[in-house]
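Student: Fold the following.
(chains A, B, C and D)
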There are 4 protein chains.
Amino acid sequence: MGSFKGHALPGSFFLVAGIWWTGKYSLWHATRRNKNIGSTRLASRASQRRLEILESSVILFFSFVGMLAEQFVADGPRLQLYDFAEKHWEHLMNWQHATMYLFFALAGIVSLIIHTTEAAPLAVDRLMLAIAFFNEGFLFLYHLHGRTMLDVHVHQLLLYAIFGGALIAFLEVFHRGNIILELLRCTLTLLQGSWFWEIGFVLYPPHGPEWDMTDHNNAMFVTMCYSWHLAFAMLVVSVLYCTISCVVHSRLKRTPPMEMGLLKPRERDPESEDEIL
Amino acid sequence: MGSFKGHALPGSFFLVAGIWWTGKYSLWHATRRNKNIGSTRLASRASQRRLEILESSVILFFSFVGMLAEQFVADGPRLQLYDFAEKHWEHLMNWQHATMYLFFALAGIVSLIIHTTEAAPLAVDRLMLAIAFFNEGFLFLYHLHGRTMLDVHVHQLLLYAIFGGALIAFLEVFHRGNIILELLRCTLTLLQGSWFWEIGFVLYPPHGPEWDMTDHNNAMFVTMCYSWHLAFAMLVVSVLYCTISCVVHSRLKRTPPMEMGLLKPRERDPESEDEIL
Amino acid sequence: MGSFKGHALPGSFFLVAGIWWTGKYSLWHATRRNKNIGSTRLASRASQRRLEILESSVILFFSFVGMLAEQFVADGPRLQLYDFAEKHWEHLMNWQHATMYLFFALAGIVSLIIHTTEAAPLAVDRLMLAIAFFNEGFLFLYHLHGRTMLDVHVHQLLLYAIFGGALIAFLEVFHRGNIILELLRCTLTLLQGSWFWEIGFVLYPPHGPEWDMTDHNNAMFVTMCYSWHLAFAMLVVSVLYCTISCVVHSRLKRTPPMEMGLLKPRERDPESEDEIL
Amino acid sequence: MGSFKGHALPGSFFLVAGIWWTGKYSLWHATRRNKNIGSTRLASRASQRRLEILESSVILFFSFVGMLAEQFVADGPRLQLYDFAEKHWEHLMNWQHATMYLFFALAGIVSLIIHTTEAAPLAVDRLMLAIAFFNEGFLFLYHLHGRTMLDVHVHQLLLYAIFGGALIAFLEVFHRGNIILELLRCTLTLLQGSWFWEIGFVLYPPHGPEWDMTDHNNAMFVTMCYSWHLAFAMLVVSVLYCTISCVVHSRLKRTPPMEMGLLKPRERDPESEDEIL
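Tutor: A predicted model of the protein is given here:
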């Protein structure tokens, strides 16, 4: 069921998602702040929309791949849910993981629809993301029956990042475009990603000795380790944000001032999503 | 005490309520968005009010029927609460269910009063709904003593939908007319309805073998099943919303443009409830 | 330690407070809504302030009486906290109750200062009330060690009303003058008051047989009873609110229309506290 | 591991921080309220910024000292985390405490950067403070395994103040400059500080007999004691706030009225941070 790879893969996805989102929101925020220097080229409404569509497609694609992988790996259920002969459920773990991917796929589809058509309010994409995170945490919560102490503990710590992400995404439904909430969600996504890697290393050490699953000192170390992962995620987000801010700011300063006269078209093309919502 | 019918009936009511609300809010939101094409005929303030009165009456009626049914079914308490001869409480389950219906009846009465007279602020109807949901969840919470593991588990899962609905209805007191919150409440109501059916099938399978009430694999399957119900409820709400949006939009486009000159009366007849609140 | 009177007394105070607050907020809201008919006489800013000062003084007085009573009743601690001879704490229950009264006294003092001077923002009185409720619930929470099942259960139910009241009062810090929150707080205060009486009847039945403290059916009945108390509190608040609204409305209609010309002074004397905050 | 000093030291830091913050926010609020009498000298934007930079540096310095102390005290880990010879973790307590300090150091660094450059939105300093408090509470939460009843209890009570502080700081991200939230955070910080001292006295009584760690009466007394600490913290904050308000008000009144003509420069120098955010 579980394996090192099985934790490293979703971990990598969340790490990439966290970094990508940090870059995206930092760029948009930087261009919005520097409006008066003329930065509309960098992040016009149309290019923002194209970016969102691209992102949604990628999420959709990988969620789909994830679902297929959970079903058709070597010891997967191959879409069979119940073994009527032996009267037991088939590979419930894989089915649960596939269900987690399903909700991210749904979030991807809805986001795709929202940004290609005008069918629904923009904020629905954050709601779907919140539901996807919540569903992930919900399934993990009832996932831990009968495991060893340390195994339960590392997964419980994961829940902080997951439910935290769900809460922040839900708040974003009402405070869309708030850079602080956005970066906080990025941080929690990065934390989730790196913690998946950590879980892999703790439960299935690729080399070196096994961990003692019942030693309370190990649990205490792992708790502290979680704080360090959080600090690390905050560091990555800060560095990315500052770099992008500086680059945008310096590049915009270098542009010739005569561009100042060309600012009018921007009025027809509002940057901040807040006003549109 | 419990039976298949006893779960299917409230389940059906919540399913109908969820679909009805989805339709109502989608229609109102669609007409509000298309204000500038002249859609006032479809959802004028007066017709909205008539609809609310109708809805409240129906809720009131069925809550009343529910209360009577719980009291006067074959093995019901018939309004007798305590058996002084044998010194024990009579049919506490039925009394608790009747109490749940009572709060929905109260919500119906208050909503009726609010929409026929000007006695109280509009938002009180959402508050009463939140209290009705909360009370339902509160009674279920202390309802589960001494049952089998799976029985407790399926009812605990139900609490997510119930308390979630209560929370969203409470948020609507402050954000009335927010389509996202409204549709989220519809989704949770649908989820509650379909989950009542699922509980019926799990605890009282109408045909086929009984479930093993202590098997942890069954609990894990049921948890995943809850996610699928949620996904299904989200699907139903999305499809309904999109259909109604498209129909309203296309129908309004077909109306002759000369209607545009008749838009003035709308000023006296504000659509969005937000401004009135 | 506990007795029927010891629960009936605070119960009566909360009942009176709930009814008083319902009347006060209903009156103010009714006069605010009917501003345009000229109702300033009934609830001018100055008379509001006088009412608040009166209320704070009464709260302060009774909290002080409560503290003294807890200390100097027949078997009270008489300000002695620790018995150094026998090395044990003296009457911790009484001390805890006195501490609860202390926080309501503090809320009274602060409210008195705020409404007589301009020393602090108005909203602080709600914050102090929230803290007083929270402190009451906090002490009850750690009050229940080693009691019988039913005893613990009835006190746990009380916590819903107490912490609910604290939460609503805290929300009022940010949404001052929101009639829905105010009436909800009144409802929860009434519920708390009537539930104190119920606890007295259950734990110390003044006549009739003792309750079986370990029977789960009793717990189930008591839970349902709590819902009925809530419904009753809602009924009382609704009836009071509607009566006062109608009386204010009808009395204002009877006043001669020439008063309309005298409305100007109101501009210097804003009614709604919201604008002042 | 634990000692009287080890609790008195952080306690003193939090006490000083609570008093300092109370003074700072009271002063700023008083000058903002008395804007129209001409108080800009006392708290101009530039001097505010200088104060913030000073404060951040001090926090940073003491967090750094704290980290070093935890590492290099007599029986500290001296940066060694794992003893490969004996295969056990080295002084995990000290490492955890150092991690707590680390997050306050991070909050200090970020606050320093925000107030010296324009790199990030102002509200990030409150977010970092919220995260630092949350991290402290998070580590304490998983810190209590296998301790005696009273030891666990006094640390659990501490969590109220810590998580309360984290929540209020998070709310300040959205309601910056709200004096009520600011003073509430000051109160909780003072409470935390004085409670650290109390923990020291209870667990490591410097003179006098040891406490019985399993006596439930002691737990009850300690709970009540927590309420008294809260009342005391509220008293200190109130007295400080009122004193500073009066001093600012009376001093501003004494300034000659001709200053009124010099008020114009203030327009270029907005006081309230709210508008800038």
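Student: Going by C-alpha atoms from here, please, whenever you check contacts or count neighbours.
Tutor: OK.
Student: Smallest gap between the stretch 51-200 of chain A and chain B, at which residue?
Tutor: Proximity to chain B, evaluated over the stretch 51-200 of chain A using Cα to the nearest Cα, is greatest for residue A:96 at 6.1 Å.
Student: quick one: what helix or strand has that residue in it?
Tutor: Assessed by DSSP states H and E, residue A:96 sits inside helix A:92-116.
Student: show me what contacts residue A:129?
Tutor: By Cα atoms under 8 Å, 6 or more residues apart in numbering or on different chains, the contact set of residue A:129 is A:104, A:107, A:166, A:169.
Student: Buried residues in the helix or strand it falls within, which are they?
Tutor: Residue A:129 belongs to helix A:124-141 when elements are defined using DSSP H and E. Under the neighbour-count criterion of 16 or more other Cα atoms under 10 Å in any protein chain shown, helix A:124-141 has A:124-141 buried.
Student: Could you tell me the angle between the direction of that helix and that of helix A:92-116?
Tutor: Interaxial angle, helix A:124-141 versus helix A:92-116 (axes from the mean of the first three to the mean of the last three Cα atoms, to 10 degrees): 170 degrees.
Student: can you give me the offset of helix A:124-141 from its chain's centre?
Tutor: 11 Å (Cα atoms, centre = their mean, to the nearest Å).
Student: go on, stretch A:94-101?
Tutor: 17 Å.
Student: ok, residues contacting that stretch?
Tutor: A:1, A:63-64, A:66-68, A:70-71, A:76-77, A:81, A:132, A:135-136, A:139, B:224, B:227-228.
Student: Same question for it: list its buried residues.
Tutor: Buried-residue list, stretch A:94-101, by 16+ other Cα under 10 Å: A:94-101.
Student: buried subset of the contacts of stretch A:94-101?
Tutor: Counted by 16+ other Cα under 10 Å, those give A:63-64, A:66-68, A:70-71, A:76-77, A:132, A:135-136, A:139, B:224, B:227-228 as buried.
Student: which of the residues you listed lies closest to chain D?
Tutor: For these, the nearest to chain D is residue A:136 (21.8 Å; Cα to the nearest Cα).
Student: Wait, that closest one touches residue A:164, no?
Tutor: No - using Cα atoms under 8 Å, residue A:136 is not in contact with residue A:164; the gap is 11.9 Å.
Student: who in the stretch 151-277 of chain A is up against chain D?
Tutor: A:180, A:216-218, A:220-221, A:223-224, A:227-228, A:231, A:242, A:245 (Cα under 8 Å from any Cα of the partner chain).
Student: Go through those and flag which are in helices.
Tutor: Secondary structure from DSSP state H places A:180, A:216-218, A:220-221, A:223-224, A:227-228, A:231, A:242, A:245 of those in helices.
Student: Mark which of these are buried, thanks.
Tutor: The buried subset of these - by 16+ other Cα under 10 Å - is A:180, A:217-218, A:220-221, A:223-224, A:227-228, A:231, A:245.
Student: Let me have the residues you listed in TSV, adding pLDDT as columns.
Tutor: Compiled in TSV, these are given as follows (pLDDT from 0 to 100):
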residue	pLDDT
A:180	94
A:217	88
A:218	90
A:220	91
A:221	92
A:223	94
A:224	94
A:227	96
A:228	96
A:231	96
A:245	90
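Student: Show me which pair in those is furthest apart.
Tutor: A:217 and A:245 (42.2 Å; Cα to Cα).
Student: Contact partners for the residue nearest to residue A:103 when sequence neighbours are not counted?
Tutor: Sequence neighbours aside, residue A:132 is the residue nearest to residue A:103 in space, at 5.0 Å (criterion: Cα to Cα, 6 or more residues apart in numbering or on different chains). Residue A:132 sits next to A:100, A:103-104, A:107, A:166 when contact means Cα under 8 Å, 6+ apart.
Student: And residue A:230, by the same measure?
Tutor: Shown in contact with residue A:230 (Cα under 8 Å, 6+ apart): A:187-188, A:191.
Student: Let me know the closest of those to residue B:25.
Tutor: residue A:188 (33.9 Å).
Student: Confirm that closest one sits in a helix?
Tutor: Yes - according to DSSP: H, G, I helix; E, B strand; the rest coil, residue A:188 belongs to a helix.
Student: Now do it against residue A:19, distance only.
Tutor: 11 Å (Cα to Cα, to the nearest Å).
Student: The two: who's more crowded?
Tutor: Neighbour tally, residue A:188 and residue A:19, criterion other Cα atoms under 10 Å in any protein chain shown: the higher count belongs to residue A:188, 25 against 18.
Student: farthest-separated two in the residues of the stretch 151-277 of chain A next to chain D?
Tutor: Set against one another by Cα to Cα, those have their most distant pair in A:216 and A:245, with a gap of 43.9 Å.
Student: and the end-to-end length of stretch A:29-44?
Tutor: Start to finish, the residues bounding stretch A:29-44 are 12 Å apart (Cα to Cα).
Student: Give the rounded mean pLDDT of it.
Tutor: Summarised as a single mean, pLDDT over stretch A:29-44 is 68.
Student: What of stretch A:116-136?
Tutor: In this model, stretch A:116-136 has a mean pLDDT of 91.
Student: try stretch A:163-174
Tutor: Taken as a whole, stretch A:163-174 has an average pLDDT of 96.
Student: contacts for it?
Tutor: Against stretch A:163-174 from outside (Cα under 8 Å, 6+ apart): A:123-124, A:126-127, A:129-134, A:137, A:178, A:181-182, A:184-185, A:188-189.
Student: picking that back up, show me which of the contacts of residue A:132 is closest to residue A:151.
Tutor: For the contacts of residue A:132, the residue nearest residue A:151 by Cα to Cα is residue A:100; the value is 19.7 Å.
Student: Which residues of the stretch 1-150 of chain A lie near chain B?
Tutor: A:89, A:92, A:95-96, A:99, A:103, A:119, A:121, A:123-124, A:135, A:139, A:142-143, A:145.
Student: Max pairwise distance over those: which two?
Tutor: Among these, A:119 and A:145 lie farthest apart (Cα to Cα), at 42.0 Å.
Student: which of these two has more neighbours?
Tutor: Between residue A:119 and residue A:145, residue A:119 has the larger neighbour count (other Cα under 10 Å), namely 14 against 11.
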